[in-house]
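**Student:** Please find the sequence and the predicted model below.
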Amino acid sequence: MENKSTAQLMLIDDEPFMLRLLGRTLETLGFTAFLSYNSGATALDALDALDASDQRAGLGGPPDIILLDLNMPEMDGIEFIRHIVERGFAGSLILVSGEDERTLQAVSTLMRAHRIAVLGHLHKPVVPVALAALLAKWQSPTHGGARAVKTDYGAEAVRAAIANNELVNYYQPKVAVADGRVVGVETLVRWRHPVDGMVFPDQFIGVAEAHGLIDDLTRVVLCEALAQCRAWRDAGLALRVAVNVSMDNLAVLGFPDFVAGAASAAGVPPSDLVLEVTESRLMTDLRAPLEILTRLRLKRFGLSIDDFGTGHSSLSQLRDIPFDELKIDRGFVHRAWKDETLRAIFEASLGLARQLGMEVVAEGVEDQHDWDYLRHTNCDLAQGYFIARPMPAAELPGWMNSWQERLQARPSVLC
């Protein structure tokens, strides 16, 4: 964390003893700029009175971090959150409550939906080391310079990017959980903008879908991925390559023939290509997607249901569409080892996939704890930052060597 003297905190709890305990704990940790309130209403009054030039209340402006109890009389913590959102609160929140884990997780999700930074939640009584760990996550708005500003790109800019060959594929490895063997990669498109540098897909995929450009974009990504798959195979690397497809691609009846022709032209067998389907919106007419996906399966291409458990992904898709791979969303993987709710959802999804004879990929494996948990569950495949971030194709062979060295140097990874 940055200099603790720069962080301004607000403590809100209806129990005077808890406020004193939190205050002493903060002082022990080196935090001195904080104010305490025994209700949400009085805290809101204080927020309304504060501005950047007002030093009388003890703070130099609105708080950077609010430590908030949930179950308070008159105004509970959830109502308080709604009020600070209306006031444009730009700081961070830590929940300090005796409520159960699922309730705390629900409120954390609500705060993220409100675009409030959530440092985490703590159970009462607060353990100083746990509070220190959450506070260490905080960074002031000016830390590290100006924040990156996303640019709104229009349809013409995206159309030009496709036409001018400005799209480039990155690849994130998938490894077998049992032995760490690298078995494939997921293709993730980037836009190498001539002015703005590398642009991530969340800034242009939606534009492409909204303006009828996603089919052209997908075809470019797919052809490049197939060519790279062939190049790796010629170099002795047998990797299955996954490519994301949009629901809009599945409305074009000629799509299966295009995929088959592109794979044949690249010299890539259908079994080496996996098409990952993420349903960003509900399918209102199943006829075209069902025909296209079933034809692709008949041609022996792999079909993966991506981000299972989120969006419109549902059990009916597993019933109706011949998927052979299920990707469990990172939201149910990371920290499942310690969160009972996440663990129940993950293991239910894993068990369902196994009963249906599907291979399972766990996304979002971010640390050793996540990896150890997957090994305990005997999950099939994993991908995530603990293993590798997406990378240009040229970096993959070098990463594979370093991954093997890592496995050999740290036997605990596979123990």
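**Tutor:** Cool, the structure landed. Numbering: from 1, shown residues only.
**Student:** Could you tell me the end-to-end distance of stretch 230-246?
**Tutor:** Stretch 230-246 has an end-to-end distance of 24 Å (CA to CA, to the nearest Å).
**Student:** List the buried residues for it?
**Tutor:** Neighbour counts over stretch 230-246 (16 or more other CB atoms under 10 Å) mark 230, 232, 233, 239, 240, 241, 242, 243, 244, 245, 246 as buried. For the C-beta atoms, the positions are set from N, CA and C on the backbone; glycine is no exception.
**Student:** Now for those: which two are most distant?
**Tutor:** Taking CB to CB as the measure, those reach their widest spread between 233 and 246, a distance of 26.7 Å.
**Student:** Show me where the stretch 1-150 of the chain has its strands.
**Tutor:** Under the criterion DSSP state E, counting those that start in this stretch, the stretch 1-150 of the chain contains strands at 9-12, 34-37, 65-68, 92-97, 117-123.
**Student:** would TSV of those with mean pLDDT and mean neighbour count be doable?
**Tutor:** Putting those into TSV (pLDDT from 0 to 100; neighbours: other CB atoms under 10 Å) gives the following:
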stretch	mean pLDDT	mean neighbour count
strand 9-12	93	25
strand 34-37	91	18
strand 65-68	93	25
strand 92-97	92	23
strand 117-123	88	18
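**Student:** Including distance to residue 199, could those go into JSON lines?
**Tutor:** Rendered in JSON lines, the data for the strands of the stretch 1-150 of the chain read as follows (distance: least, CB to CB, whole Å):
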{"stretch": "strand 9-12", "distance to residue 199": "37"}
{"stretch": "strand 34-37", "distance to residue 199": "40"}
{"stretch": "strand 65-68", "distance to residue 199": "32"}
{"stretch": "strand 92-97", "distance to residue 199": "27"}
{"stretch": "strand 117-123", "distance to residue 199": "24"}
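**Student:** Just the helices from the stretch 151-300 of the chain, written as ranges.
**Tutor:** Assigned helices in the stretch 151-300 of the chain, in chain order: 155-163, 205-210, 214-234, 255-266, 287-298 (criterion: DSSP state H, counting those that start in this stretch).
**Student:** Could you name the helices and strands sitting against the longest one?
**Tutor:** Yep, that's helix 214-234 we're talking about. Using 3 or more CB pairs under 8 Å, 6 or more residues apart in numbering; DSSP states H and E as the contact criterion, the neighbours of helix 214-234 among helices and strands are helix 155-163, strand 167-176, strand 182-193, helix 205-210, strand 240-245, helix 255-266, strand 273-277.
**Student:** Just name whatever secondary elements the first one is in contact with.
**Tutor:** Counting contacts by 3+ CB pairs under 8 Å, 6+ apart, helix 155-163 packs against helix 205-210, helix 214-234.
**Student:** out of the ones you listed, deepest packed?
**Tutor:** Taking mean count of other CB atoms under 10 Å as the contact definition, the stretch among those with the greatest mean neighbour count is helix 214-234, which reaches a mean of 19.
**Student:** residues in contact with it?
**Tutor:** Contact with helix 214-234 is made by 158, 162, 165, 167-169, 171, 187, 189, 205, 208, 238-239, 241, 243-246, 248-249, 252, 255, 258-259, 262-263, 265-268, 272-273, 393, 396, as judged by CB atoms under 8 Å, 6 or more residues apart in numbering.
**Student:** Drop anything exposed from those residues.
**Tutor:** 158, 162, 167, 169, 171, 187, 189, 205, 208, 239, 241, 243-246, 248-249, 255, 258-259, 262-263, 266, 268, 272-273, 393, 396.
**Student:** where along the stretch 301-415 of the chain do the helices fall?
**Tutor:** Along the stretch 301-415 of the chain, counting by DSSP H, counting those that start in this stretch, helices occupy 315-320, 340-355, 368-377, 396-409.
**Student:** can you list these in JSON lines and add mean pLDDT and distance to residue 286?
**Tutor:** Shown next, in JSON lines, are the helices of the stretch 301-415 of the chain (pLDDT from 0 to 100; distance: least, CB to CB, whole Å):
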{"stretch": "helix 315-320", "mean pLDDT": "82", "distance to residue 286": "7"}
{"stretch": "helix 340-355", "mean pLDDT": "93", "distance to residue 286": "21"}
{"stretch": "helix 368-377", "mean pLDDT": "95", "distance to residue 286": "33"}
{"stretch": "helix 396-409", "mean pLDDT": "92", "distance to residue 286": "37"}
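**Student:** nearest to residue 199, of those?
**Tutor:** helix 396-409 (21.8 Å).
**Student:** still on that earlier bit, ok, which of the helices of the stretch 151-300 of the chain comes nearest residue 364?
**Tutor:** When these are compared for distance to residue 364 using CB to CB, the nearest one is helix 205-210, at 19.2 Å.
**Student:** Alpha carbons of that closest one, as PDB, please.
**Tutor:** Once side chains and other backbone atoms are set aside, the C-alpha atoms of helix 205-210 remain, and they are given as PDB (Å, rounded to 0.1, in the frame of the first residue of the first chain):
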ATOM      1  CA  ILE A 205     -16.200  -7.000 -30.300                       C
ATOM      2  CA  GLY A 206     -19.500  -5.500 -29.200                       C
ATOM      3  CA  VAL A 207     -19.200  -2.900 -31.900                       C
ATOM      4  CA  ALA A 208     -18.500  -5.600 -34.500                       C
ATOM      5  CA  GLU A 209     -21.600  -7.600 -33.300                       C
ATOM      6  CA  ALA A 210     -23.800  -4.500 -33.300                       C
END
